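> quick one, fold the following:
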Amino acid sequence: MEVVSVDIGGTHARFAIAEVDTGRVVTLGEPVTLKTAEYAGFQTAWEAFGQQVGRPLPRAAAIAVASPISGDVIKLTNNPWVIRPPLIKERLHVDDFVLINDFGAVGQAVAQVDHRDFLHLCGPDIPFPEHGVITVCGPGTGLGVAQVLRTSERYHVLETEGGHIDFAPLDAIEDAMVKRLRTAYTRVSAERVVSGPGIVAIYETLAHIEHRSITRLDDKAIWSSALDEGDSLAVAALDRFCMALGAVAGDLALAHGSNAVVIAGGLGLRLKDHIRKSGFAERFAAKGRFQGRMAAIPVKLITYPQPGLFGAAAAFAQEHTL
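This next block holds a predicted model:
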């Protein structure tokens with residue numbers, strides 16, 4: 001059957017028509033990306049997608065949103081749209097729908113996309129185990145975390161708020177980073193460091209340590225300088241970011257009892273050429289008495305271009321076509 005797959009973030013809403021069958025995604029059509037600021041709400045953006053497609057839309061919807069899924073009113077993070085689940089069938093003219101957190105959708109994609117859509121980062125270069133837990137974490141505006149539990153019969157995706165665990169500094173530089181962040185936040189969570197905006201605190205801390213006078217930059221400017229390697233301090237901040245990401249990913253893997261780890265998210269994909277030459281792998285495995293166990297965990301990066309859209313369709317397939 002066909003389903004309209006939707007991935008709604010703070011800046012963009014992406015739409016595609018997917019074909020699903022027997023619990024899996026068969027095909028995902030060409031995505032259409034709309035700017036959320038140009039539409040009054042989800043319904044008008046849905047209608048605009050229908051006009052662009054030029055055909056009647058399927059009467060089924062798979063919707064991933066950047067927000068916790070609970071209650072009769074969902075207010076999206078960094079987006080003024082409001083979604084009311086009890087009205088979705090009426091407003092969108094659909095018979096069935098699934099509403100899922102955006103990172104839960106990424107977990108669904110991890111469970112279903114082809115093995116060729118993963119890039120090996122560290123640990124043994126082996127396939128995912130058929131049984132057990134895969135930890136999925138992705139730095140972006142925040143730090144998304146999910147678990148994929150694979151059993152002999154099927155898989156289950158568990159959405160979590162693991163990005164809000166405490167950040168554990170491992171050396172004097174990270175001590176200084178936490179001290180700086182604590183002036184703005186009483187509690188420093190992992191996503192205050194391991195997220196797109198977190199690069200600012202890293203950059204400014206390194207400048208302070210070197211007694212440099214710098215112009216205040218936003219995270220986009222620092223990321224641009226770091227990835228272009230045009231600013232040595234920004235490059236150093238990027239290396240520090242990758243080290244912190246490795247440490248946090250390792251902590252999550254320990255907490256989840258994971259057999260494998262997947263790094264996801266748009267920022268994760270942009271870092272694919274940097275993670276493997278940074279201190280990510282060393283920090284991931286550096287867990288004291290568990291170092292041997294950590295070194296045996298395969299860590300991969302999902303490279304599928306639209307995991308949110310694919311994962312939303314996969315969630316619908318799991319609920320409605322098994």
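> going forward, measure contacts and count neighbours with C-alpha atoms only.
Noted.
> confidence score at Thr77?
The per-residue pLDDT reported for Thr77 equals 67.
> please, where are all the helices along the stretch 1-150 of the chain?
42-53, 88-92, 102-112 (DSSP state H, counting those that start in this stretch).
> right, so the ones you listed: which one is the most enclosed?
helix 102-112 (a mean of 27; mean count of other Cα atoms under 10 Å).
> and that one, what does it pack onto?
Contacts defined by 3 or more Cα pairs under 8 Å, 6 or more residues apart in numbering; DSSP states H and E place helix 102-112 against strand 60-65, strand 143-150, strand 155-160, helix 307-320.
> recalculate using a threshold of 6 Å.
Counting contacts by 3 or more Cα pairs under 6 Å, 6 or more residues apart in numbering; DSSP states H and E, helix 102-112 is packed against helix 307-320.
> give me the buried positions along the helix it packs on.
With burial defined by 16 or more other Cα atoms under 10 Å, the residues of helix 307-320 counted as buried are 307-318, 320.
> for the helices of the stretch 1-150 of the chain, which one sits closest to Leu28?
Leu28 lies closest to helix 102-112 among these, at 11.8 Å (Cα to Cα).
> specify the angle between the closest one and strand 143-150 in degrees.
Angle, helix 102-112 to strand 143-150, by axes from the mean of the first three to the mean of the last three Cα atoms, to 10 degrees: 40 degrees.
> if we can go back for a sec, can you put the helices of the stretch 1-150 of the chain in CSV and add mean pLDDT and distance to Glu174?
Converted to CSV, those look like this (pLDDT from 0 to 100; distance: least, Cα to Cα, whole Å):
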stretch, mean pLDDT, distance to Glu174
helix 42-53, 96, 41
helix 88-92, 97, 46
helix 102-112, 95, 27
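> distance check, the residue nearest to Pro31 when sequence neighbours are not counted against Val178.
Closest residue to Pro31 apart from its sequence neighbours, by Cα to Cα, 6 or more residues apart in numbering: Ala16 at 4.7 Å. To Val178, Ala16 is 41 Å away according to Cα to Cα, to the nearest Å.
> just Arg150 next, same as before
Using Cα to Cα, Arg150 is found at 36 Å from Val178.
> who's more crowded, those two?
Per other Cα atoms under 10 Å, whichever of Arg150 and Val178 has more neighbours is Val178, with 23 against 18.
> in the stretch 51-200 of the chain, which spans are strands?
Under the criterion DSSP state E, counting those that start in this stretch, strands of the stretch 51-200 of the chain are mapped to 60-65, 74-75, 82-83, 96-101, 118-122, 132-139, 143-150, 155-160.
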